[in-house]
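Enquirer: take a look and give me a structure for this.
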Amino acid sequence: MEKYRFTYQDIHRTARDIADRVKASGFEPDIIVAIGSGGFIPARIIRTFLGKPILAVGVAYYDANDKPTDLPHKVQWIEEAEKKLAGKRILLVDEVDDSRTTLEYCVRELLRHDPAEVAVAVLHDKKKDKRGAIPAEVKRYFAGRTIPDKWIVYPWDAEDIDDHDAMAADNPPID
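Expert: Below is the predicted model:
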């Protein structure tokens, strides 16, 4: 599969744009929940602009060979903080909406704790049929960019950041 690389500068600009759209929508989250590991950095950048605390969850959907498993499963969850979710407005953040399975799983888990509202934000939404579905309770979905279904290599996955950025300069155009 053809790969697409984004630089830290691309990620920062996209996260800033998401935060601006969250503000413009009138949604004021009480808490940001980052899906790890890909959502950690975007959530932290969004926090710069929204000024809200971050909780982190770890959910695995892909195996060691980057193949999807049957279902997502918890690696790390916010058991102690779950008591603090009732009545709160939550912004759930991940890096990419690929199959939508992880987002669906996390939203359903968060809804079990009676938040006032859950909104979803992703850096990149892939144009493709999704295996999962975002529950109807989610009324706000913020995607930084909608992109073709290409494998994404994020800068935090690079072993050599200079090499990564050089390859990012040669990205094919986004349709």
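Enquirer: the most centrally placed residue in the chain bridge partners, please.
Expert: Here the mean C-alpha position of the chain is nearest to the C-alpha of D94 (C-alpha atoms, centre = their mean), at a distance of 1.1 Å. Applying DSSP bridges to D94 gives these bridge partners: V122.
Enquirer: let me see the contact set for it.
Expert: Going by C-beta atoms under 8 Å, 6 or more residues apart in numbering, D94 touches A34, I35, G38, G39, P42, T102, L103, C106, V120, A121, V122, L123. The way it works is simple: take the backbone N, C-alpha and C, and place the C-beta from them, glycine included.
Enquirer: which of those residues sits closest to D114?
Expert: Of all the contacts of D94, C106 has the smallest distance to D114: 15.6 Å, by C-beta to C-beta.
Enquirer: and stretch 24-32, how far from the chain's centre?
Expert: Chain-centre distance of stretch 24-32: 15 Å, with C-alpha atoms, centre = their mean, to the nearest Å.
Enquirer: list the buried ones in that stretch?
Expert: F27, P29, D30, I31, I32 (16 or more other C-beta atoms under 10 Å).
Enquirer: other residues contacting it?
Expert: Contact with stretch 24-32 is made by 22, 43, 46-47, 50, 52-55, 84-85, 88-91, 93, 116-117, 119, 140, 142, as judged by C-beta under 8 Å, 6+ apart.
Enquirer: if we use 10 Å, what do you get?
Expert: With contact meaning C-beta atoms under 10 Å, 6 or more residues apart in numbering, stretch 24-32 is reached by 21-22, 39, 42-44, 46-47, 50-56, 78, 81, 84-85, 87-93, 110, 115-119, 121, 139-140, 142.
Enquirer: skipping adjacent residues, who's closest to R131 in space?
Expert: Of all residues beyond its chain neighbours, the one nearest R131 is S99 (4.3 Å), with distances taken as C-beta to C-beta, 6 or more residues apart in numbering.
Enquirer: need the pLDDT of the one you found.
Expert: Model confidence at S99, given as pLDDT, is 94.
Enquirer: residue ranges of the strands in this structure, please?
Expert: Ranges of strands within the chain are 3-5, 31-36, 54-62, 68-76, 89-97, 117-126, 140-147, 151-153, based on DSSP state E.
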